[in-house]
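Undergrad: No letters, just coordinates:
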Ligand SMILES: Cc1cc2nc3c(=O)[nH]c(=O)nc-3n(C[C@H](O)[C@H](O)[C@H](O)COP(=O)(O)O)c2cc1C
């Protein structure tokens with residue numbers, strides 16, 4: 001059994017969470033943690049568990065325009081980029097037998113607002129016939145550019161560990 005964590009991150013916070021999730025998963029199975037921009041969808045082939053995480057942008061998964069907004073905020077020249085929305089769109093519908101789970105990062109002070117990239121990603125995966133084994137979890141940053149709130153990395157590691165354990169049980173039962 002093995003796992004892949006695919007993440008998108010404009011300011012680095014989701015990347016930190018992805019690595020922590022990977023550390024948790026590693027307690028149960030080998031895991032690779034990769035940025036969505038460095039990974040073709042076929043690189044998920046052969047993985048049992050695929051975990052997808054990204055920042056919440058405009059109440060859901062990022063879009064080209066929201067990623068450009070983030071690049072401008074960083075003072076970068078806007079360039080075309082790939083997000084988890086596009087990566088999920090490129091997966092072959094209903095063809096793979098991976099178990100999927102999703103996470104996001106969001107701003108704590110507006111947590112009363114609806115919208116989560118993790119929930120949107122889980123919905124998109126289910127819609128395309130993929131098997132999603134977790135309801136999708138949010139990790140919180142203090143403001144748009146971060147930092148991650150204290151304890152979120154620990155919470156991410158613990159979630160990763162629980163997730164890998166659950167995936168193992170489901171796979172052994174199959
Ligand atoms: C264009 C844009 C839209 C955003 N919209 C939301 C939002 O609707 N809800 C929210 O909680 N955070 C929102 N945020 C804050 C992001 O969730 C935050 O920047 C992200 O969690 C940081 O992760 P990263 O460092 O991996 O990019 C937005 C940020 C940007 C740049």
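TA: Structure's in. What do you need? None of these values were measured; they are calculated from a predicted model.
Undergrad: what's the neighbour count on residue 91?
TA: By the criterion of other Cβ atoms under 10 Å, residue 91 has 21 neighbours. In this view, the C-beta of every residue, glycine as well, is placed from N, C-alpha and C.
Undergrad: what's the closest non-adjacent residue to it?
TA: residue 41 (5.2 Å; Cβ to Cβ, 6 or more residues apart in numbering).
Undergrad: Surely the one you found is in contact with residue 90?
TA: Yes. Between residue 41 and residue 90 there is a contact at 4.6 Å, judged by Cβ atoms under 8 Å.
Undergrad: Show me the contact partners of stretch 33-47.
TA: 2-9, 15, 18-19, 21-22, 50, 54, 81-84, 87, 90-92, 96, 98 (Cβ atoms under 8 Å, 6 or more residues apart in numbering).
Undergrad: For the residue most central in space within the chain, identify the helix or strand it belongs to.
TA: By Cα atoms, centre = their mean, the chain has its centre lying nearest to residue 53, at 0.9 Å. Per DSSP states H and E, residue 53 falls inside strand 49-55.
Undergrad: what are the pairing partners of that strand, and which direction each?
TA: In the sheet, strand 49-55 lines up against strand 3-7 (parallel), strand 99-107 (parallel) (DSSP bridges).
Undergrad: Which residue, other than its chain neighbours, is closest to the residue nearest to the centre of the chain?
TA: In this structure, residue 53 finds its nearest non-sequential neighbour in residue 103, 4.2 Å apart by Cβ to Cβ, 6+ apart.
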